[in-house]
Every structure is written in C-alpha cells, then in structure tokens.
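Asks: Predicted structure and sequence below. I'll ask about it afterward.
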Amino acid sequence: MRQPDYKMIQGGNIQVPMNPQLAGASGRGLARLGSTLAGVGVEASAILQKVKKADEDGKLIDAEEEWENSYAEYQKKMAITRNSPLEWQTGWEKNSQKLRHSIDSMEGSKEFKNNLRLRFTRWDGNVNRSIGRSATKTSFSNTANSYAAKYDRAQSQNNTELMLQTAQEATTLGYWPESRLYEAETAAKKLSITNEQTHGMQTDAFETFEEIETNKWGEDKYTHQRKVAKYRPALNAARRQIVDDAVNGVISGGISTPEDLEKEEYENLLPVQKEKIATFMKKFHDQKHKEWVASPEQQAIISSKVQDGIYNFQPNGEDSDMGYADVKMWINQLNPSAYKDEMQKALDSKQDGKMAEIKTIKDWGKAQINRNRKNALDRVAKPKVVKKTLFDYLEDGFLRNEQNLKDLGFSKGDVKNIMNAKVDRGANIKGDDARSTYSVQLGMFRDVYQSREDLSAGSDFQREMARTMMTGNLNTVLRESDDPATLLQFDEDQDRIHKMYGDLESEYNNHIKTHPKADKENVEEWLKDNNLYIESTIERNPVINPRPGTENANYQNKVFVDESLGAANVRHNNPAAAYPRKQDEKYGIEGYGVIGGGHRIGKFPTPIHGAAANFELFADNYVNMTFKAAMKKWQP
C-alpha cells in the first residue's frame, strides 16, 4: 500500500510532505521543519503557514523578474527588426506561451498557481499593449523616415519639384508635422534660387552676378552676402576668359585698334583691363618695342614680373582682375622657350585654384627667391593715390541730380522720397550733417530699389553707383588714380628690383643645372652667397607640402563673421586686428572681414593662428624701431 504524501501535523491543519521521495523540494523542506518543531514540542502550524507564504511570495517575485527579463530580451530583438514592427506581437505570443507553460510546471499550492496565472495575464496584457503602441509608433516612424529619404534624394538631385511633392504628401498623410512641411518648402525655395543662380552664372555670368549683387531674389542680409562672395570667383573666371580672348585677338591680328575692344564680346572687360590691353596692342605692333622687349635686360625684368605675378595671383579674391591681365600679357612678351610654356601652365594651374606645392629642393629655393623679391617690392614707396569714395560722388551731387534717379527707373514718388530724405533730429546720429543725410538717403534708396519697373535701367556708371549704394558704404572706393610723377619713380624702382631678381633666377637655374644633385646645404649656401634671406627651414631633401590645415588658405577671400561674437579682433581670431597678408596663408588665414571705416581685418581659424601671424608681421616690419615710429607706421 502506497505511503501518503502528506499527513496532518499535531496541533495544526497544514499539510506538509512526509514522503521525501515523492514530495517536491519545498514540500520536503516543510516536512523536515515540521518534524523538527514537533520533536521539540513547538506548535508548528502557525510557523509553517508563514514559512509557506514567504516561500510562495518569493517565487512570485522571481517569476515576475523572469518575465521582465524575457520581455527585455525581446525588446532587443524588436530594436534589431525595426523594419518589421507588425510581426512583433506574433513573435511575442511564442514567448508568452513558454512563460505560461512554465507556471504549470512550478510546484506550489493551487491558490498560489491561480494567483500566479492571474498576475501573468495582467502583465502579459500590458506587454501586448506596449508592443502594439511601439509597433504603431515605429511603423509611422519608418514611413516618415522613408519620406525623409525620398526627400533627401530629391534634394541631392536638385529636384525641387519632387522635394515639395514629397513633403506635402508626407504632411497630408500625417507622417510629417506642419512645421516640417514649412522647413521643406523653405529649403526647396532656397535650393530653387541657388539652382537658378548657378545656371545663370554658367550661361550669362555678368548679368546674373549683377542680379545677385542687387539681391533680385530678396534673400536675407547674410545669405545675400554669402552668395556675392560665393559667385564672385565664377565672375572673375568669366572675365579672365575674355582677357584671354582679347590678348589672343591682339596676337592673331583680330584686334588691331582700340575700337575693336568696344565690340559686344568685350563689353564686360573692366576699364582698366581695356586700357592695359590697348597699351599691350600698341606695343605689340611696334617693331622697335618688340626688339626692346626681346633684349636680355627686358626679358629678365619680364621673367621676374611673371614669377612675382603668379606667386601673388589669387583667382578667388574680391577684385575681378587680381593682376591676371598683367601676368597674361607679360607671359606673351617672353621669348619663345620651354620656360614660357612652363609659366603659362603655372598660371593656368593657379587660376584653377590649385596651390603650388614645394616638392623638391629646387622648388624650395625658388620659393625663397619669390619671398625675397616680394619683400623687396613691398618696401618700394607706393605712388600717391587719389581715391574717390561713394561719399565724394554724393558730395558731387549724384543724389541731388533728379535725372540720375529717373534714369535708374525710379518713379517720381520714389525720386522725391530719396532726395527729400532727412535725418530725424530725435535720432542718435553720429558724424556731420552731410554724412548723416547721405546715410538716410542711402537707406531710402535701398528700401525702394527693388520696386523699380526696369531693374536694368541706367548707364554703366549709374548702375555701378547703384550697386555700390546697395552693397557698400560711404567709405567704399569707386575710383583710384595715381600721381604721374610718383608713379614713374615707382615703376623705375620696381623694374630695377625685377631686373636684379630676374638675373638671380637665371643664375639659380644655371646653378641647379650644373648641380643636379644639389641638397639643402648646397641651395642654402647659394642663397646666402647672393644675400637672400631664408625665411623657412627644411630637413635634408624633403618633399614639402602645404602646412596641414592651410591648403585652402586665401588672404583675399571676403568672409562674414557675426558681429554678436565679440569685438572685431576677437571674432576674427586676430589679436592685433591686423590687415590680411599673403604671408598669413602659412597660418591658415581664411580671408578678411570689413570693419569700421572700410578697413580690412584678417580672419584666422583660431586665436593661436592669428597670434602667430601677428608675431611674424611684427618681426618683418617693426624690428629696430622706436615705439613712436612703430605706432606711426601701424596707424599713419
């Protein structure tokens, strides 16, 4: 006969397992505990009741912890399968069944198991609702992201129509908020404007750039300034192409008189460029001049000018010429040789935006000659320059002449408003009455400029004045002229230096030819023997590349810095607030800003770069000077 698993223990009604072989671990433990208590005469029922409840409460907590761990593991799987959120609940059902079956295999009282099943049902329901919400949210998020990817592809393809269509559809179907639609529409509009401007610069750079300068598209102040800076290099390139065509025309005979330069295809040449090309044409057809230019002395001067011109040429600067016409014509005055072809290739490479790399000892030596020549030329007293600013032209009566404004296409009412604009005496206006009045008139001019019926009206000079009034200030220089006497002395001094350095270059090239294995010491010795200052040192026979971080340095690139970032020297990372210099490119100069009075200030990537450039400036120009003399030179 089978031994019963449980029997009543004295004094109580708690069933405890008495057969250790057939009872579970908990039952066996309670049985032993009950026997021990009974053996010593202790009433066991109340104690065993509490022990049994504590045991089952602990199992309940352990079970709930196991459920939570199982759900946490499943959430990891959900994160991995974000592209299939609708499959999450089906997958969870398998986990749920396993957990429910584990309850049936647990030991414990019927009451305990019922309570456990009830708790699991409530917990599993909450998990299912959580998974459902996550699946819904993820499904919507996935679709929103799909629309975002489609929008980004359209944007990368410059397809503004598809950008708008995608954004509107995503918003209509509820995947994107209205705010995102507004952002997309704004971005599409900006991209559409940029596409139109870029296409215009490719097809008609001069008309398009004029529209950009006068802000035809009504862009905000800083976007407008960035666009002017962005597209100016393309304008410069287009103008350089016309210079090439004109110079080649002179050489081929297609251009033989100054009147030929007035043809439509040359209308966008700057006046100074036309003047230079006309002078070149006159000399080119003068046999005596040809013979004179071909002389060894003049070839040395021209060779030096070519080297210096290429060394200093910055194709993306603000000035539309940047000396390109000069260098182009100097190259064409060199006697036919491999050197002449080499100089043309160097100029072409520079205008393509490629920085000359110093790759050999020979290149390094040439760079030292170039730096010494530039320093020598910089020390030549500049000719006196007479500058005429926007203020000067306004003083001459440009805005007092009603016809000027009518020619530019202003209505009678706008003409009257501009000419009668006066200073509000309650306003805090600094400066004299004339400057204050002109400032107010300029403000009125800018307010109504885009509302003219004919945006292309006016003569060349009137439109130039209008562009200056729209983008410049009263100190902006429109015209410069040199004093003839001081200009002649300046040219003579410059030619003397060019002759000296042209001869030095020839001697240096001969030295390299006769010393094909020249090393650092050899080149340095030659430079020192010719009284040339070595401005940078190198290790033995290296390959020298531009200093890291300075590959795109450009001291003639106009940049814009938010004035809220601090004082001018702080926001430009230029402790001394110094003007930009070619030499600053070795310190990574990013360009220049324009501050009070129209003065330029170099912009550096960090204050450390700026301070290093400042120290070199002081070392180059202010050593062995009294403080008074240095201050006078710094701020004449």
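Replies: That came in fine, so what should we check first?

Asks: What distance do you get for His224 to Asn215?
Replies: Per C-beta to C-beta, to the nearest Å, His224 is found 5 Å from Asn215. Using the backbone N, CA and C atoms, a C-beta is placed for each residue, glycine as well.

Asks: next one: Lys305
Replies: Taking C-beta to C-beta as the measure, Lys305 falls 39 Å from Asn215.

Asks: Could you find the closest non-adjacent residue to Lys290?
Replies: The shortest distance from Lys290 to any non-neighbouring residue, by C-beta to C-beta, 6 or more residues apart in numbering, is to Phe284 (7.4 Å).

Asks: Asp620 contacts Asn375, correct?
Replies: Yes: Asp620 lies in contact with Asn375 (C-beta atoms under 8 Å); the separation is 7.4 Å.

Asks: Tell me where the stretch 251-400 of the chain has helices.
Replies: Ranges of helices in the stretch 251-400 of the chain, per DSSP state H, counting those that start in this stretch, are 271-284, 287-293, 296-312, 324-332, 338-351, 361-378, 390-395.

Asks: Nearest to Met444 among the ones you listed would be which one?
Replies: Comparing these by their distance to Met444 (C-beta to C-beta), the top pick is helix 390-395, with 13.1 Å.

Asks: just checking, what packs against the next helix or strand after that closest one?
Replies: The C-terminal neighbour of helix 390-395 among helices and strands, as given by DSSP states H and E, is helix 402-407. Contact analysis of helix 402-407 by 3 or more C-beta pairs under 8 Å, 6 or more residues apart in numbering; DSSP states H and E lists helix 412-419, helix 460-471 as its packing neighbours.

Asks: What I need now is the ones you listed written out in TSV, including distance to Glu275 for each item.
Replies: TSV is the format used below for the helices and strands packed on helix 402-407 (distance: least, C-beta to C-beta, whole Å):
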stretch	distance to Glu275
helix 412-419	33
helix 460-471	15
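
Asks: pull the helix or strand with minimum mean pLDDT from the chain.
Replies: Sorted by mean pLDDT, DSSP states H and E, the helices and strands of the chain end with strand 6-8, the least confident at a mean of 41.

Asks: I'd like the distance from stretch 142-150 to the chain centre, please.
Replies: 28 Å (C-alpha atoms, centre = their mean, to the nearest Å).

Asks: can I get the CA coordinates of it in CSV?
Replies: C-alpha atoms of stretch 142-150 as CSV (Å, rounded to 0.1, in the frame of the first residue of the first chain):
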residue,chain,number,x,y,z
ASN,A,142,9.6,54.1,-40.6
THR,A,143,7.2,55.6,-43.1
ALA,A,144,8.2,59.1,-42.1
ASN,A,145,11.8,58.2,-42.5
SER,A,146,11.1,56.7,-45.9
TYR,A,147,9.6,60.0,-46.9
ALA,A,148,12.6,61.8,-45.5
ALA,A,149,15.0,59.5,-47.5
LYS,A,150,13.0,60.3,-50.7
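
Asks: show me where pLDDT drops low in the stretch 1-150 of the chain?
Replies: The stretch 1-150 of the chain contains residues with pLDDT under 70 at 1-52.

Asks: Kindly provide the distance from Asp493 to Lys384.
Replies: 14 Å.

Asks: how deep is Asn95 tucked in, by neighbour count?
Replies: If you count neighbours by other C-beta atoms under 10 Å, Asn95 ends up with 17.

Asks: Packing partners of the host helix or strand of it?
Replies: Counting by DSSP H and E, the element that carries Asn95 is helix 88-104. Packing partners of helix 88-104 (3+ C-beta pairs under 8 Å, 6+ apart): helix 45-80, helix 110-156.

Asks: circling back: show me which of the helices of the stretch 251-400 of the chain has the highest average neighbour count.
Replies: helix 324-332 (a mean of 22; mean count of other C-beta atoms under 10 Å).

Asks: where's Ile608, which helix or strand?
Replies: Here Ile608 is assigned to helix 607-621, by DSSP H and E.

Asks: what inclination does the very next helix or strand once past that helix have with respect to helix 607-621?
Replies: Using DSSP H and E, the helix or strand that directly follows helix 607-621 along the chain is helix 627-634. If you take axes from the mean of the first three to the mean of the last three C-alpha atoms, to 10 degrees, helix 627-634 sits at 110 degrees to helix 607-621.

Asks: how distant is helix 627-634 from the center of its chain?
Replies: Counting by C-alpha atoms, centre = their mean, helix 627-634 comes out at 37 Å from the chain centroid.

Asks: May I have it as CSV, with CA atoms only?
Replies: Output of helix 627-634 as CSV, limited to C-alpha atoms (Å, rounded to 0.1, in the frame of the first residue of the first chain):
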residue,chain,number,x,y,z
PHE,A,627,57.6,102.7,-30.2
LYS,A,628,56.6,106.1,-31.6
ALA,A,629,57.8,105.2,-35.1
ALA,A,630,56.1,101.8,-34.9
MET,A,631,52.8,103.4,-33.9
LYS,A,632,53.1,105.9,-36.7
LYS,A,633,53.7,103.2,-39.2
TRP,A,634,50.9,101.0,-37.8
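
Asks: From the contact counts, what lies against that helix?
Replies: Secondary elements touching helix 627-634 (3+ C-beta pairs under 8 Å, 6+ apart): none.

Asks: Pro516 should be in a helix, yeah?
Replies: No: with DSSP: H, G, I helix; E, B strand; the rest coil as the criterion, Pro516 is coil rather than part of a helix.

Asks: remind me which residues of this structure are low pLDDT?
Replies: Using pLDDT under 70, the chain drops low at 1-52, 315-322, 351-359, 423-432, 482, 535-552, 597, 635-636.

Asks: Same list (the helices of the stretch 251-400 of the chain) but as TSV, adding distance to Ser481.
Replies: As requested, the helices of the stretch 251-400 of the chain are exported to TSV (distance: least, C-beta to C-beta, whole Å):
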stretch	distance to Ser481
helix 271-284	11
helix 287-293	25
helix 296-312	22
helix 324-332	18
helix 338-351	28
helix 361-378	21
helix 390-395	12
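
Asks: out of the ones you listed, which comes closest to Ala630?
Replies: Closest approach to Ala630 among those is made by helix 361-378 (16.9 Å; C-beta to C-beta).

Asks: Quick one: list the elements packing against the closest one.
Replies: helix 296-312, helix 484-514, helix 520-529.

Asks: Fine by me, we can end here.
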